[in-house]
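1. Need the 3D shape of this:
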Amino acid sequence: MPELPEVETIAHALRDGGNNYQTSVIGQKVQSALVLWPRSLAMPSKEEFVRRIRRKFITGVSRRGKYLNFSL
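-> Below you'll find the predicted structure:
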């Protein structure tokens, strides 16, 4: 499990570019998704979740604790 400062560093790099990321992910389109732990989704089903987020644009990246949040 990554440490909190590492998660903030990754969130910052994804938001603003930098490190190994040439550009920010803000404005990028979600092409596909893979749900590895279906039980982590209460609703909708994993198929519905993947269908709903495909072709959405990323509008923000933040973190809450050790989790990254992507706003679509």
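2. May I see the buried residues of the longest helix along the chain?
-> As assigned by DSSP state H, the longest helix anywhere in the chain is helix 4-16. Within helix 4-16, the residues scored as buried using 16 or more other CB atoms under 10 Å are 7, 10, 11, 13, 14, 15. Every residue, glycine included, has its C-beta placed from N, CA and C.
3. what sits against the third one?
-> Neighbour list for residue 11: 61, 62, 63, 68 [criterion: CB atoms under 8 Å, 6 or more residues apart in numbering].
4. mind listing which of these are in strands?
-> Judged by DSSP state E, strands contain the following of the contacts of residue 11: 61, 62, 63, 68.
5. quick one: the second one and residue 15, what's the gap?
-> Between residue 62 and residue 15 the distance is 8 Å, computed by CB to CB, to the nearest Å.
6. and if you look at the last one?
-> When CB to CB is the yardstick, residue 68 and residue 15 sit 10 Å from each other.
7. Please identify every residue contacting each of these two.
-> Common neighbours of residue 68 and residue 15 (CB under 8 Å, 6+ apart) are residue 61.
8. export the helix or strand bottoming out on mean pLDDT in the chain as CSV, just CAs?
-> In the chain, the helix or strand scored least confidently by mean pLDDT, DSSP states H and E is helix 4-16, which has a mean of 88. Provided in CSV are the C-alpha atoms of helix 4-16 (Å, rounded to 0.1, in the frame of the first residue of the first chain):
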residue,chain,number,x,y,z
LEU,A,4,0.2,9.2,1.8
PRO,A,5,2.9,11.5,0.4
GLU,A,6,3.3,9.2,-2.6
VAL,A,7,-0.4,9.3,-3.3
GLU,A,8,-0.4,13.1,-3.3
THR,A,9,2.6,13.1,-5.6
ILE,A,10,0.8,10.8,-8.1
ALA,A,11,-2.4,12.9,-7.9
HIS,A,12,-0.4,16.1,-8.6
ALA,A,13,1.4,14.4,-11.5
LEU,A,14,-1.8,13.2,-13.0
ARG,A,15,-3.4,16.7,-12.6
ASP,A,16,-0.6,18.9,-13.8
